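Chemist: Below: sequence and its predicted model.
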Amino acid sequence: MENKNKDDLFRFVEYSPEAAERTGYSDYSYWKSVFQNFFKKKSAVVMSCVFFALVIFSFVALWIGKYDFATLKSDSALAFQNPNSEFWFGTDNLGRDYWCQVWYAAQTSIKLALIVAIGECVVGVIIGCIWGYVHQLDRFLTEVYNVINNVPMIIYMTLIALLVGQSFTTMAVSLIAFGWLTMARNVRNLVMMYRDREYNLASRCLGTPVRRVLTKNILPYLISIIILRLALSIPATIALESTLSYLGLGLGIENPSLGILLRNARNYFLDRPYLLIFPAVIVSLITITFYLVGNAFSDAADPRNHV
């Protein structure tokens, strides 16, 4: 009996580490948990379906339309045709099909918003991480932030439009150049909050490279705020582009956007409301749906909301 107890004890000592590992094992997956939390919100799922359907249809609409945007010609005899079986969205003041104009403009606005949002995210996260982690650069980058942020965006865009010109590339680069500030500021604050936690101090003492500390120890805590800012940037960019184009400071006439269509419709919308309604509805759907989806996905990405 005594030998049996000894064997059981040796067996316990030999296999207890593996048993402990199996006991502490968890099949938790961060992104799996994110999507599980997101799909629990039915309204967010519906809004995401509406958004993606709208984006996809903006490309499909040009294929199924009766007219090609590149070959549109002015015809005063067809001016201000109400929506009908020939012209599904009617015609504008020059007699051109409004269906292909609206959906081509929607493509332009969506492409601009996505490029600007991704650009702001990349630049803002990189500068924000450096700003928050390197103590010596905090004062300098804070002053840069204050100088740029205290001048209204409309002044920057007016000067750029007058000095450089109006084009898709110019507007995208300009919006990224002045739009990274909010993302960088939020990232900087969070990096400063987490950089001196015990596990990060231990990592630095063990000689872990700064890049690895930022990407492995700190960046996962920034995912939710990054997604939130990305979600806010897309509707904000579309709204800003629409406003600038309405004021004549946005894209050039060779790159029609929803803002340009809204600007052109302002002189006729009382008599021909469809010229304003169609682009305004599309702008509203894009901004509202993506804002709601982005907020829901940001909440789902917050580790504090994971079980």
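Modeler: Yep, that arrived.
Chemist: residues near the residue nearest to Gly259 when sequence neighbours are not counted, how many?
Modeler: Spatial nearest neighbour of Gly259, excluding adjacent residues (Cβ to Cβ, 6 or more residues apart in numbering): Ser245 at 2.9 Å. All C-beta spots, glycine's among them, are computed from the backbone N, C-alpha and C. Number of residues near Ser245 (other Cβ atoms under 10 Å) recorded here: 26.
Chemist: name the element Ser245 belongs to?
Modeler: helix 223-246 (DSSP states H and E).
Chemist: Isn't the residue nearest to Gly259 up against Arg263?
Modeler: Yes. Contact criterion Cβ atoms under 8 Å: Ser245 and Arg263 qualify, at 5.6 Å.
Chemist: In this structure, where is pLDDT below threshold?
Modeler: Within the chain, the segments meeting pLDDT under 70 span 1-28, 253, 303-307.
Chemist: need the helices for it, in chain order.
Modeler: 2-24, 30-39, 42-64, 98-133, 138-149, 153-163, 168-179, 181-194, 198-205, 210-212, 223-246, 258-265, 274-301 (DSSP state H).
Chemist: What are the neighbouring residues in contact with the residue nearest the centre of the chain?
Modeler: Centroid check for the chain by Cα atoms, centre = their mean gives Leu230 as the closest residue, at 3.2 Å. Going by Cβ atoms under 8 Å, 6 or more residues apart in numbering, Leu230 touches 117-118, 121, 294.
Chemist: Of those residues, keep whichever come out buried.
Modeler: For the contacts of Leu230, a burial check counting by 16 or more other Cβ atoms under 10 Å picks out 117, 121, 294.
Chemist: what residues are up against the first one?
Modeler: Neighbouring residues of Ala117 by Cβ under 8 Å, 6+ apart: 230, 233-234, 237.
Chemist: Go through stretch 255-268 and flag the buried ones.
Modeler: Applying 16+ other Cβ under 10 Å to stretch 255-268 flags 255-265, 268 as buried.
Chemist: how many neighbours does Gly207 have?
Modeler: Count around Gly207 with other Cβ under 10 Å applied: 6.
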